[in-house]
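K.L.:
my questions concern the predicted model and sequence given below.
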Amino acid sequence: MRLNPRLSVIFLLAALPALRAAPADLDLDGVVAKHLEAIGGLEKLSAIQSLKITGKMVLGGGQLEAPVTTWIKRPNRTRTEVIVTGKPIVQAFDGRTGWTINPMNGSNQPQLMPPDQTAGMAEADAIEGPLTNYKEKGHAAELTGIEDVDGVKAYRVRLTRKNGKSSTI
């Protein structure tokens, strides 16, 4: 279970009003600073100890909506529940071990997640997002342009984590 890309989108969308007002020639540090300001500032983010996020997932090409709830607790505990056709699918991480319950696979019993699926979960930055203190975390970032997101101009940042995996925020 990787929450960061999804949460990054949520945090970026929350930051769009502040980013919209930023000049087009803003550099990467300026974009990250505006982003942090828009989501409350580093001091307030650091004070958050737990977070609950609710929403919906659209599956099957828009044919099915599934409610989703994610709970996050510092230092690195997460639990996500998605209700698909009335059945809860759960993924959780307790700081060391990840497990899942997926009745769609024929089991209502918790199953341990393999190490490759939990790799990096202990270093999760789910509350503050991956751009917060990205240099100190050993990540690299690059401002790659500006694009239209639902009629609003947004800065596009390419984040390469210290493990080599990269994503666009």
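P.N.:
Yes, it's here.
K.L.:
so which residues of the chain form helices?
P.N.:
For the chain, the helices defined by DSSP state H occupy 4-20, 28-38, 42-47, 115-118.
K.L.:
for the most far-flung residue of the chain relative to its centre, give me its contacts.
P.N.:
In the chain, the residue that sits farthest from the middle, by CA atoms, centre = their mean, is residue 106; the gap is 28.3 Å. Residues near residue 106 by CB atoms under 8 Å, 6 or more residues apart in numbering: none. Every C-beta, even on glycine, is put in place using the N, C-alpha and C of the backbone.
K.L.:
straight-line length of stretch 118-128, end to end?
P.N.:
For stretch 118-128, the first-to-last residue distance is 19 Å (CA to CA, to the nearest Å).
K.L.:
equivalent analysis for stretch 149-165, please.
P.N.:
24 Å.
K.L.:
can you check stretch 78-98 too?
P.N.:
Taking CA to CA, stretch 78-98 runs 9 Å from one end to the other.
K.L.:
return the set of buried residues in it.
P.N.:
Buried residues in stretch 78-98, counting neighbours by 16 or more other CB atoms under 10 Å, are found at 78-82, 84, 89, 91-93, 98.
K.L.:
what's the answer for stretch 161-169, then?
P.N.:
Here stretch 161-169 shows 161, 169 as buried, counting by 16+ other CB under 10 Å.
K.L.:
thanks again, I'm all set now.
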